[in-house]
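K.L.:
Provide a 3D model corresponding to the input given below.
(one chain, ligands or ions: 2)
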Amino acid sequence: MSSFSSSLSCPTYRSRTSSSPFLSNHSSLINVVDPRRSLSFHSASPQGPNLSELCVRSQQRKSVQSSALVQDGSVATKSSPAEELKDGLVTIPTIKVDNVVAESNGGGNQSTVSITVVGASGDLAKKKIFPALFALYYEGCLPEHFTIFGYARSKMTDAELRDMVSRTLTCRIDKRENCNEKMEEFLKRCFYHSGQYDSQEHFVALDKKLKEHEGGRLSNRLFYLSIPPNIFVDAVKCASSSASSVNGWTRVIVEKPFGRDSKTSAALTKSLKQYLEEDQIFRIDHYLGKELVENLSVLRFSNLIFEPLWSRQYIRNVQFIFSEDFGTEGRGGYFDNYGIIRDIMQNHLLQILALFAMETPVSLDAEDIRNEKVKVLRSMRPIQLEDVVIGQYKGQTTGGVTYPGYTDDKTVPKDSLTPTFAAAALFIDNARWDGVPFLMKAGKALHTRSAEIRVQFRHVPGNLYNRNSGTDLDQTTNELVIRVQPDEAIYLKINNKVPGLGMRLDRSNLNLLYSARYSKEIPDAYERLLLDAIEGERRLFIRSDELDAAWALFTPLLKEIEEKKTIPEFYPYGSRGPVGAHYLAAKHKVQWGDLSLES
Ligand SMILES: NC(=O)C1=CN([C@@H]2O[C@H](COP(=O)(O)OP(=O)(O)OC[C@H]3O[C@@H](n4cnc5c(N)ncnc54)[C@H](OP(=O)(O)O)[C@@H]3O)[C@@H](O)[C@H]2O)C=CC1
Ligand SMILES: O=C1O[C@H](COP(=O)(O)O)[C@@H](O)[C@H](O)[C@H]1O
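P.N.:
Ligands and ions are numbered 1, 2, ... in the order given. Alright, predicted model coming up:
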C-alpha cells in the first residue's frame with residue numbers, strides 16, 4: 001500500500017494491501033496493477049489535496065468507473081483512462097478493487113459496514129470516535145450503506161445516544177457547508193444497544209439488530225473496543241461468537257493499553273487469538289495516524305536530500321519529545337496503574353522511533369513496513385536504569401491559581417510513585433545507528449503541550465566559519481524538527497549569513513509551517529485510522545510481534561523501577577520537568593532541542 005495513495009485517498013482510490021483476503025484469493029481474476037503506481041500527484045495547484053478532498057472525488061469518480069461483480073460479492077472497479085481533475089490533480093489510471101464499498105451492477109446485492117462502538121458511553125467514544133466517524137461521513141469517506149451502533153451497559157435510547165454524540169460533533173473550520181444537515185443525516189445512522197460486555201445473550205440481541213439494518217446485504221462488521229482493558233477479552237469473545245459477520249469480514253479495533261508488560265501483553269494476545277485471527281485485530285496507536293508521523297516516510301524516502309544523511313555518519317542524536325500542559329485530570333485511576341513510560345513511551349514514542357530508524361522497506365505494503373519496524377525494535381539495546389530519569393508533578397500556585405499535584409487526585413494513592421514524567425536514552429545496535437543516542441522525553445503537567453521529533457546533525461568538519469558562529473558549536477549544527485503537534489511544521493535550522501557588510505552568522509529556519517502552506521484542516525488521527533480499519537489497511541496498526549518487541553525492551557526497566565521503588569524526582573506543575581533530564585542528556589553529550597532559546 002502506498003503512502004501516497006494512503007495519505008491522499010479514500011475507499012475507491014485506495015489500492016488493496018497484499019494481505020487483503022480479496023486480493024490474495026482473487027487477484028488472478030483481474031489485472032491488478034502495482035498499488036505503488038496508484039498515486040496521485042499535484043501538478044498545478046499550490047495546495048496539496050487532503051484526505052477529504054479525495055473522498056469527495058472518489059465519489060465523483062464512481063460515476064466514470066465501470067464495475068464488475070466478482071465471486072464474493074466484492075467488486076473490481078476499473079477506472080476510465082487517465083483523468084485530469086480540475087485543479088490539476090492528475091490520477092494515474094489504475095485498476096482498483098474494493099470489497100468495502102462494493103456495489104453490484106444490479107444494485108440489489110450491495111455490501112454494508114456496521115461499526116459498533118463498544119463502550120459508547122465513555123470518554124474516548126465521545127471525544128474521538130464519534131467525531132471521527134462523523135468527519136468521515138461528512139467527507140463522503142464512509143460507504144453508502146453503513147450503520148453505527150453504540151454498545152455499553154448504560155441505559156440509553158437511540159435518541160439519547162444521538163443527543164450525547166451530537167454534543168461533540170464539529171465540522172471542519174474550512175467546511176461548514178450543510179454542516180447541520182449532515183449532522184442530522186449522520187445521527188439518523190447511529191443507534192444504541194445496551195448490554196453487558198460478557199453476555200452472549202446481549203450480543204445475540206445486538207446481532208439481530210445489526211442484521212435488521214444490514215437488510216440482507218453482504219455485511220462487514222467493525223467493533224471498536226473503547227472500554228477498559230480488563231474487559232477486552234470478554235467483549236471480543238461475545239462479539240466474535242455472537243455478532244460476527246456471516247458473509248463478510250469482522251474486524252476489531254483494540255485500544256491501548258495492550259497489557260502492562262511482556263507477560264500480560266502475551267496473555268492478552270493469546271486470549272484475543274482464541275477468538276480472532278491476527279489479521280482481524282487492529283491494535284491502535286493513534287500517534288501513527290497523525291499527519292506528520294505519516295509524513296515521516298514521505299520525507300525520508302521521497303526526498304533525496306534526507307535519506308543519505310539518515311545514519312550515524314551525519315546524525316549526532318535524535319530526540320522524541322512529548323509534553324502535555326495538563327495533568328492526569330479525570331484519568332488518574334487508569335494512569336496510576338500504568339505511568340508515563342507505559343502510557344506514552346512504550347507505544348507512541350517507540351512507534352515513531354521505529355518508523356524513523358527503520359531501513360528502507362521492500363515496498364510500502366503493511367507487512368514490509370512492519371517487518372522493518374520489528375527489526376529496529378529487536379536491535380535495540382536493553383534500557384539501563386541509569387539511562388532513565390523519572391519524575392512526578394507536584395502542586396503549584398501561580399498567579400493566584402492553584403494547580404493540583406498528581407497525588408492530589410482522589411483516585412491516586414497518596415504515596416504513589418508512578419512517574420508522570422520520564423526521560424530515557426536508547427540505542428539501536430545496528431550498523432546504521434551504532435552509538436547514536438535516541439533520547440525520549442515524555443511528561444504531563446509541563447509548561448507546554450507539544451510532540452516533536454528533533455534530529456541534531458553532526459558538526460561540519462573543518463568548518464571555515466566556526467569563528468563567526470559563537471562559542472557553543474553544538475548550537476550551530478543543523479537541526480531538523482518535525483513538529484507533530486500543535487502547529488504542525490517541518491523546519492530545518494541552518495546557518496546563514498546575517499545580511500550586511502560584515503561576516504556574522506545566525507541560525508535561521510527553512511520552515512514548512514502547515515497552516516501557511518496548506519489551507520485545509522488536518523484530519524484527526526482517528527479519522528485516518530478508522531478509515532484504514534474499514535479498508536483493511538494494517539500499515540498503521542501494531543502487529544503482535546512488534547508489540548512483543550516493544551514490551552521486551554521496556555519490561556525489564558519497568559520491573560526494576562517498580563521493584564526498587566525508585567522515587568521520582570518532583571517537578572512543579574507547569575514547569576519544564578525535572579533537572580535530572582538535563583543531566584541525562586549531558587551524559588550523552590546532548591542538549592534537549594526544545595529547551596534552547598530559539599527552539
Ligand atoms: N480517553 C482517552 O483519552 C483515551 C483512552 N484510551 C483507551 O481507550 C479505552 C476507553 O477509554 P475511555 O473512554 O477513557 O474509558 P472509560 O473509562 O470512559 O470507559 C468506557 C466505558 O466502559 C464502561 N466501563 C468503564 N469501567 C468499566 C468497568 N470497570 N467494567 C465494565 N465497564 C466499564 C463504561 O460504560 P458503561 O458503564 O456504560 O458500560 C464506560 O463508559 C481504554 O482502553 C483506554 O485506555 C486510549 C487513549 C486515550
Ligand atoms: O494515548 C494517550 O494519548 C493522549 C495524548 O494524545 P494526543 O493525541 O492528545 O496528543 C494522552 O493524554 C493520554 O494520556 C494517553 O493515554
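K.L.:
Could you point out the longest helix of the protein?
P.N.:
The helix of greatest length in the chain, counted in residues with DSSP state H as the criterion, is given as helix 544-563.
K.L.:
got the buried residues for the next helix or strand after that helix?
P.N.:
The C-terminal neighbour of helix 544-563 among helices and strands, as given by DSSP states H and E, is strand 569-572. Neighbour-count burial for strand 569-572, counted by 16 or more other Cβ atoms under 10 Å, picks out 569, 571-572. (C-beta placed from N, C-alpha, C; glycine too.)
K.L.:
do stretch 534-541 as well
P.N.:
Here stretch 534-541 shows 534-541 as buried, counting by 16+ other Cβ under 10 Å.
K.L.:
Farthest-apart pair in the residues you listed, please.
P.N.:
Among the buried residues of stretch 534-541, the pair separated by the greatest distance (Cβ to Cβ) is 534 and 539, at 13.9 Å.
K.L.:
got the angle for the helix or strand where residue 352 lies vs helix 544-563?
P.N.:
Using DSSP H and E, residue 352 maps to helix 350-357. Using axes from the mean of the first three to the mean of the last three Cα atoms, to 10 degrees, one finds that helix 350-357 and helix 544-563 are set 120 degrees apart in direction.
K.L.:
who's in contact with helix 350-357?
P.N.:
Taking contacts as Cβ atoms under 8 Å, 6 or more residues apart in numbering, the residues outside helix 350-357 that touch it are 285, 287-288, 293, 296-297, 318, 320, 369, 373-374, 376-377, 426, 428, 432-433, 438, 440, 453, 484, 542, 546, 550, 553-554.
K.L.:
Just the buried residues of the residues you listed.
P.N.:
285, 287-288, 293, 296-297, 318, 320, 369, 373-374, 376-377, 426, 428, 432-433, 438, 440, 453, 484, 542, 546, 550, 553-554.
K.L.:
Can you flag which of those belong to helices?
P.N.:
Assignment to helices by DSSP H places the following of these there: 293, 296-297, 369, 373-374, 376-377, 546, 550, 553-554.
K.L.:
Tell me who's in contact with residue 458.
P.N.:
Neighbouring residues of residue 458 by Cβ under 8 Å, 6+ apart: 313-316, 477.
K.L.:
And the residues you listed, which is the shakiest by pLDDT?
P.N.:
pLDDT across those is lowest for residue 477, at 93.
K.L.:
shouldn't that residue be in contact with residue 461?
P.N.:
No - in this structure residue 477 lies outside contact range of residue 461 using Cβ atoms under 8 Å: 11.6 Å.
K.L.:
what about those two, which has more around it?
P.N.:
Under the neighbour definition other Cβ atoms under 10 Å, residue 477 and residue 461 were set side by side, and residue 477 has more, 17 against 5.
K.L.:
Near ligand 2, which residues of the stretch 301-450 of the chain are found?
P.N.:
Taking Cβ under 6 Å from any ligand atom as the test, the list of the stretch 301-450 of the chain residues beside ligand 2 reads 324, 343.
K.L.:
In the stretch 301-450 of the chain, which residue sits nearest ligand 1?
P.N.:
Per Cβ to the nearest ligand atom, the residue of the stretch 301-450 of the chain with the smallest distance to ligand 1 is residue 334, at 5.9 Å.
K.L.:
ok, now the chain?
P.N.:
Proximity to ligand 1, evaluated over the chain using Cβ to the nearest ligand atom, is greatest for residue 122 at 2.4 Å.
K.L.:
any weak-confidence spans in the stretch 1-150 of the chain?
P.N.:
For the stretch 1-150 of the chain, residues meeting the criterion pLDDT under 70 lie at 1-109.
K.L.:
Quick check, the residue in it closest to ligand 2?
P.N.:
Minimum separation of the stretch 1-150 of the chain from ligand 2 (Cβ to the nearest ligand atom) falls at residue 128, amounting to 8.6 Å.
K.L.:
go on, the chain?
P.N.:
residue 343 (4.8 Å).
K.L.:
hang on, isn't residue 179 packed against residue 185?
P.N.:
No - in this structure, residue 179 sits apart from residue 185 without contact. The criterion is Cβ under 8 Å, and the distance is 10.9 Å.
K.L.:
tell me the strands in the stretch 251-400 of the chain, going along the chain?
P.N.:
Secondary structure of the stretch 251-400 of the chain (DSSP state E, counting those that start in this stretch): strands at 281-284, 315-323, 388-394, 396-398.
K.L.:
what's the answer for the stretch 51-200 of the chain, then?
P.N.:
When assigned using DSSP E, counting those that start in this stretch, the strands of the stretch 51-200 of the chain occupy the ranges 66-69, 75-78, 83-84, 89-91, 95-98, 111-118, 146-152, 190-194.
K.L.:
Okay, now the unreliable bits of the chain?
P.N.:
Judged against pLDDT under 70, the low-scoring parts of the chain cover residues 1-109, 173-176, 597.
K.L.:
what residues does it put near ligand 1?
P.N.:
Residues of the chain found near ligand 1, taking Cβ under 6 Å from any ligand atom as the criterion, are 119, 121-125, 152-154, 197, 226-229, 231, 255-257, 334.
K.L.:
Could you pick out the buried ones from those?
P.N.:
Among the residues of the chain next to ligand 1, those that count as buried by neighbour count (16+ other Cβ under 10 Å) are 119, 121-122, 124-125, 152, 197, 226-227, 229, 255-257.
K.L.:
Just list the residues touching the closest residue to residue 150 other than its chain neighbours, thanks.
P.N.:
Residue nearest to residue 150 in three dimensions, not counting chain neighbours: residue 120, with 2.8 Å by Cβ to Cβ, 6 or more residues apart in numbering. Going by Cβ under 8 Å, 6+ apart, residue 120 touches 130, 149-152, 161, 192, 226.
K.L.:
how does it look with 10 Å?
P.N.:
Taking Cβ atoms under 10 Å, 6 or more residues apart in numbering as the criterion, residue 120 is in contact with 126, 129-130, 148-152, 154, 156, 161, 164-165, 190, 192-194, 224, 226-227.
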